[in-house]
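**Q** Could you work out the structure for the sequence below:
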Amino acid sequence: MAKYEVVAKDIISRIKQNEFETTLKLPTEDEMIEYYQVSRNTVRSALKLLTSQGIIFSRQGSGFYIRQRSNSNSISITGTNGLTYDFPNSTFSNYVISVDLIEADEKLAKKMMCEPGDLIYRCKRLRILDDKKFALEISFYSKKVVPYLCKEIAEQSIYNYLQNDLKLKLGFADKDIYAIKLTKEQSELLDLEPGDPGLVIADTVYLDNGVLFNSSQMIYNYKYARFYATAIR
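**A** Residues are numbered from 1 along each chain as shown. Sure thing, here's the model as predicted:
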């Protein structure tokens, strides 16, 4: 994780802890440089990231302020902070259905930009929000990049494992968003009915060097999931 991403993540944590609740204003650049012991460019990159995600905004000559969202408990389609940020007052857990190592067939090899026969970890899990079956996730990870994945890891945050333990530097993701009618298996896992609607966000995720390592499909329960995107002119 780059230094500016570490700073941005800590600012988000401080926002969640209501550290700036009185004024809704972030410390000055100089104060953050002193607090985090980083360069001005690092602080500015962190602020730029948080601005692009709609978390803060700039008032010319005054500084950066925390955005007050009218759409709380909604998922940012463009953000990368995770469900715990979008639902600060809720509890999330993961129920792991399966984690197995498979050989990529022609279809999966095309999706993962690898060779047929390459080893891929396939992980299927339910994302539980306050005891509600919030989403069904099916993810694939290249074993060339992620050498080990198991149920115990998948019960926690896989991306924390990738960044903190494997020291992978994540780069960018392509998102494909579409609606489906749930199959019998999908509907049973989500406590819905076959043919009920499901909104799918499919991610293709790359390292900072452009290597594709993860392809995932998140099928959201229509009863609980709401989404928003921040538009910046």
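**Q** what comes up buried for stretch 190-203?
**A** For stretch 190-203, the neighbour count (16 or more other C-beta atoms under 10 Å) marks 190, 192, 198-199, 201-203 as buried. C-betas here are computed from N, CA, C, even on glycine.
**Q** Ok, stretch 218-233 next?
**A** 218-221, 225, 228, 230.
**Q** State the mean pLDDT of that stretch.
**A** Stretch 218-233 comes out with an average pLDDT of 82.
**Q** can you list contacts of it?
**A** Applying C-beta atoms under 8 Å, 6 or more residues apart in numbering, the set of residues contacting stretch 218-233 from outside is 51-54, 69, 71, 73-79, 127, 129, 132-138, 180, 182, 186, 190-192, 196-203.
**Q** Give me the subset of the buried residues of stretch 190-203 lying in strands.
**A** Judged by DSSP state E, those include 198-199, 201-203 as members of strands.
**Q** Now flag whichever of these is closest to residue 106.
**A** residue 202 (18.6 Å; C-beta to C-beta).
**Q** Mind pulling up the pLDDT for that closest one?
**A** Note for residue 202: predicted pLDDT of 95.
**Q** Quickly list what it is bridged to.
**A** Note on residue 202: beta-bridge partners residue 176, residue 217, judged by DSSP bridges.
**Q** related to what we said a few turns ago, okay, the buried residues of stretch 190-203 in TSV with distance to residue 36 next?
**A** What follows is the buried residues of stretch 190-203, written out as TSV (distance: C-beta to C-beta, whole Å):
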residue	distance to residue 36
190	41
192	45
198	41
199	37
201	32
202	35
203	29
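**Q** okay, and for this structure, where does confidence drop off?
**A** 1, 69-73, 78-89, 230-233 (pLDDT under 70).
**Q** would you list every one of the helices in it?
**A** 3-16, 29-36, 40-52, 83-86, 106-112, 151-154, 158-160, 184-189 (DSSP state H).
**Q** Just the CA atoms of the third one, as PDB, please.
**A** Looking back up the chat, that one is helix 40-52. These are the backbone C-alpha positions of helix 40-52, laid out as PDB (Å, rounded to 0.1, in the frame of the first residue of the first chain):
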ATOM      1  CA  ARG A  40       3.400  17.400   1.200                       C
ATOM      2  CA  ASN A  41       3.000  15.500  -2.000                       C
ATOM      3  CA  THR A  42       1.900  12.400   0.000                       C
ATOM      4  CA  VAL A  43      -0.700  14.500   2.000                       C
ATOM      5  CA  ARG A  44      -2.000  16.100  -1.200                       C
ATOM      6  CA  SER A  45      -2.300  12.700  -2.900                       C
ATOM      7  CA  ALA A  46      -4.300  11.400   0.000                       C
ATOM      8  CA  LEU A  47      -6.600  14.400   0.000                       C
ATOM      9  CA  LYS A  48      -7.100  14.000  -3.800                       C
ATOM     10  CA  LEU A  49      -8.000  10.400  -3.300                       C
ATOM     11  CA  LEU A  50     -10.600  11.100  -0.600                       C
ATOM     12  CA  THR A  51     -12.000  14.000  -2.700                       C
ATOM     13  CA  SER A  52     -12.400  11.700  -5.800                       C
END
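**Q** Also compute the angle for it relative to helix 3-16, please.
**A** 50 degrees (axes from the mean of the first three to the mean of the last three C-alpha atoms, to 10 degrees).
**Q** what does helix 40-52 rub up against?
**A** With C-beta under 8 Å, 6+ apart as the test, helix 40-52 has contacts from 2-5, 7-8, 11-12, 26, 29, 32-33, 36, 56-58, 64, 232.
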